[in-house]
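*Asks:* Sequence first, then the predicted structure, then my questions.
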Amino acid sequence: MRRILIVAGEASGDLHGSGLVRELKKRETDLELFGIGGPKMAAEGMQCLYSTEEMGFIGFTEVLRHLPFVRRVWYHLRWEMVHRRPDLLILIDYPGFNLKLAQQAKKYGIPVLYYISPQVWAWGRNRIKKIAQRVDKIAVLFDFEETLYRQHGIQAQFVGHPLLDVLKPDVDKSTFSQRYGITNQVRVLGLLPGSRYQEVKRILPEMVRTAKMLQRQFPYLQILICKAPTVSASIYRNILSDDEIKLVDENYALMAYADFLIVASGTATLEVAYFQTPFVIVYRVSPPSYWIGKRVIKIDHIGLVNIVAGKQVVPEFVQNNFHAEKLVPVISKFLTSPEHYQRMVTELAQVRYKLGTPGASARVAEMAFQLMDK
């Protein structure tokens, strides 16, 4: 029996990893898959030694605070590599942790496939040399990444974005509207505060304040909040004081059917772009993390949708600029100007095209078997 160690440290990694686990099992049913993953990967048949919920820290200061736990996990996985002798190590994003693990794998002669590569184009270009030394192949989500890595002698393959395999509304529009009391007389403003507890706690209060200010200006607005499966409903309720604001479990349906969205920076910006629903991007981390980030991140935009577009398609409000007083005038313009609104819809369609074609998980699975068969 062949074994694959897979490490996904965040909720988005669990989503993309689940598709990969499914494709791997489809090709070889008796594969033993183990490592770090979330409920989606576990549901597809992977043994999760640790959960993505335990590993999803945000910012430099948060990582430092949890460093003893992270070290225990790292040493445990090193022990697993020695004693289980996996035939392949698959790393999904999570570069600070995963690149160190890749270094150990190479010492043990275990081939390494990196899926959803480190964002070296944003920060950490010094990591390219480490990747070249420690990783056998990289499956990248964006075509410009393939060019960048190949320029440095790294075997990179553009596989397209795995979101294209899963992005469809959870329910039809009629069912969604009935479930949340949406009528033809209202327009829906959706809030997506992130997939981790720390994000929700830091970002949602200002999102809600923005939404309430907009609601006073546009009484027909109905506010719905996208609830992450990894965050307890009680966390949201502790922040909310208005029972009229409802939590939505059908996240893709909200992205598809809302009239406008306020979205925390992350994978969700690409998901919303796919549905071509106009939105703005917000984000806030702890002051020390932001101070460090400003000095290491070397790109003009933080939103993935803008990075893929190569320009600012969606307005961004980060850290000290993330205040309701700054968001309200911008969002109001979208709600009152059909021309302004349609322009973003058109530009989001171009971003969607750049994400490639469905089938990313199957392509990565094929790369995995090629490496093991060598």
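*Replies:* Arrived safely, thanks for sending.

*Asks:* so where is the stretch 51-200 of the chain shaky, pLDDT-wise?
*Replies:* 56-66, 119-126 (pLDDT under 70).

*Asks:* Identify each of the strands in it and give its residue range.
*Replies:* 88-92, 112-115, 137-140, 156-158, 187-192 (DSSP state E, counting those that start in this stretch).

*Asks:* In a markdown table: these, plus distance to residue 79 and mean neighbour count.
*Replies:* C-betas here are computed from N, CA, C, even on glycine. A markdown table is the format used below for those (distance: least, C-beta to C-beta, whole Å; neighbours: other C-beta atoms under 10 Å):
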| stretch | distance to residue 79 | mean neighbour count |
| --- | --- | --- |
| strand 88-92 | 14 | 27 |
| strand 112-115 | 18 | 26 |
| strand 137-140 | 25 | 24 |
| strand 156-158 | 31 | 19 |
| strand 187-192 | 38 | 24 |
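
*Asks:* Minimum distance to residue 232: which of those strands has it?
*Replies:* Closest of the strands of the stretch 51-200 of the chain to residue 232 is strand 187-192, at 16.9 Å (criterion: C-beta to C-beta).

*Asks:* Using PDB, list the CA coordinates for the closest one.
*Replies:* Provided in PDB are the C-alpha atoms of strand 187-192 (Å, rounded to 0.1, in the frame of the first residue of the first chain):
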ATOM      1  CA  ARG A 187     -31.700  44.400  -2.100                       C
ATOM      2  CA  VAL A 188     -29.300  42.100  -0.200                       C
ATOM      3  CA  LEU A 189     -26.000  43.300   1.300                       C
ATOM      4  CA  GLY A 190     -23.900  40.400   2.200                       C
ATOM      5  CA  LEU A 191     -21.000  40.400   4.800                       C
ATOM      6  CA  LEU A 192     -18.200  37.900   4.500                       C
END
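
*Asks:* Can you lay out the strands of the stretch 51-200 of the chain as TSV showing distance to residue 278?
*Replies:* Shown next, in TSV, are the strands of the stretch 51-200 of the chain (distance: least, C-beta to C-beta, whole Å):
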stretch	distance to residue 278
strand 88-92	30
strand 112-115	31
strand 137-140	28
strand 156-158	28
strand 187-192	11
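
*Asks:* Point out the one among these that comes closest to residue 369.
*Replies:* Taking the strands of the stretch 51-200 of the chain one by one with C-beta to C-beta, strand 88-92 is closest: 8.8 Å.

*Asks:* Quick check: nearest residue in space to residue 9, chain neighbours excluded?
*Replies:* residue 94 (3.4 Å; C-beta to C-beta, 6 or more residues apart in numbering).

*Asks:* Now do the same contact list for the one you found.
*Replies:* If you count contacts by C-beta atoms under 8 Å, 6 or more residues apart in numbering, residue 94 has them with 7-10, 13, 55.

*Asks:* Try it again at 7 Å.
*Replies:* 7-10, 13 (C-beta atoms under 7 Å, 6 or more residues apart in numbering).

*Asks:* Need phi/psi at it.
*Replies:* phi 50, psi 50 (degrees, to the nearest 10).

*Asks:* now it: how far from residue 212?
*Replies:* 36 Å (C-beta to C-beta, to the nearest Å).

*Asks:* Tell me the one of the contacts of residue 94 nearest residue 327?
*Replies:* residue 10 (26.0 Å).

*Asks:* Against residue 282, how distant is that closest one?
*Replies:* Residue 10 is 19 Å from residue 282, by C-beta to C-beta.

*Asks:* Give me the more crowded residue out of these two.
*Replies:* Applying other C-beta atoms under 10 Å to residue 10 and residue 282 shows that residue 282 carries more neighbours, namely 29 against 26.

*Asks:* which residues sit against stretch 202-210?
*Replies:* With C-beta under 7 Å, 6+ apart as the criterion, stretch 202-210 contacts 191, 193-194, 236, 239-240, 245, 262, 264, 282, 284, 322-324, 327-328.

*Asks:* Stretch 213-231 too?
*Replies:* 11, 53, 180, 182, 185-192, 194-197, 200, 211, 233, 236, 245-249, 251, 254, 324, 328, 331-332, 335.
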